[in-house]
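A.B. asks: Could you look at this predicted model? Sequence included:
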Amino acid sequence: MSIAILSYGVKDPEKVKTNVADLNNYLDAIPAKPIEFNGICIKNEDGTPKLFKTSLEDFINSELDNVQAQKEQKKKEKKMLTCILVGVPNANQYGLYNIKRPLSTISKQGLQTMVSRIKFKLEQGEVILNTNLEALGITV
């Protein structure tokens, strides 16, 4: 599995082997981390923390997750230009109020009124997710 992923786009098999060896050496240098579940450290019978050593598959999955999270954040930021996003912070879902034009073209007073009305309708735990409103002079 690892060679198939690391060989993508690389024609030279020796280069692939070198890349895999380099990555394995890098992973061996990463110290083992304590295993936590819901913020609680899992311990061995002798009371020492159980440790987790990062494998090649774990490392690749983590990198792919990071790329996916960056793509999602970029999509959100693009939507924030014309929409007001609402939801629970750090959740995978959010709702939006589509204004259908750039928020920067709306008067400061009009946009502040919209934000206040939306804020009034929010359910418990929900917040306005837009990070661009403060730059427009709007208080959330």
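C.D. replies: Great, that's in hand.
A.B. asks: Every contact and neighbour count from this point should use C-alpha atoms.
C.D. replies: Noted.
A.B. asks: got the residue ranges for the strands in this structure?
C.D. replies: 33-34, 36-37, 40-41, 51-52, 83-87, 95-98, 127-128 (DSSP state E).
A.B. asks: If you count contacts, what does the longest one end up packed against?
C.D. replies: I take that to be strand 83-87. Applying 3 or more Cα pairs under 8 Å, 6 or more residues apart in numbering; DSSP states H and E, we find strand 83-87 packed against strand 95-98, strand 127-128.
A.B. asks: contacting residues around the shortest one?
C.D. replies: Contacts made with strand 127-128 from outside it, assessed by Cα atoms under 8 Å, 6 or more residues apart in numbering, are listed as Ile84, Leu85, Val86, Gly87, Val88, Pro89, Lys119, Val140.
A.B. asks: Which member of those residues is positioned nearest Asn66?
C.D. replies: Among the contacts of strand 127-128, Pro89 lies closest to Asn66 (Cα to Cα), at 17.6 Å.
A.B. asks: Dump the helices and strands packed on strand 83-87 into a markdown table; add mean pLDDT and distance to Lys75 as well.
C.D. replies: Shown next, in a markdown table, are the helices and strands packed on strand 83-87 (pLDDT from 0 to 100; distance: least, Cα to Cα, whole Å):
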| stretch | mean pLDDT | distance to Lys75 |
| --- | --- | --- |
| strand 95-98 | 94 | 13 |
| strand 127-128 | 94 | 16 |
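A.B. asks: Just say which of these is most tucked in.
C.D. replies: Stretch with highest mean neighbour count among those: strand 127-128 (a mean of 18; mean count of other Cα atoms under 10 Å).
A.B. asks: what distance separates that one from the centre of its chain?
C.D. replies: Chain-centre distance of strand 127-128: 18 Å, with Cα atoms, centre = their mean, to the nearest Å.
A.B. asks: Walk me through which strands it pairs with, and which way each runs.
C.D. replies: Strand pairing for strand 127-128, using DSSP bridges, gives strand 83-87 (antiparallel).
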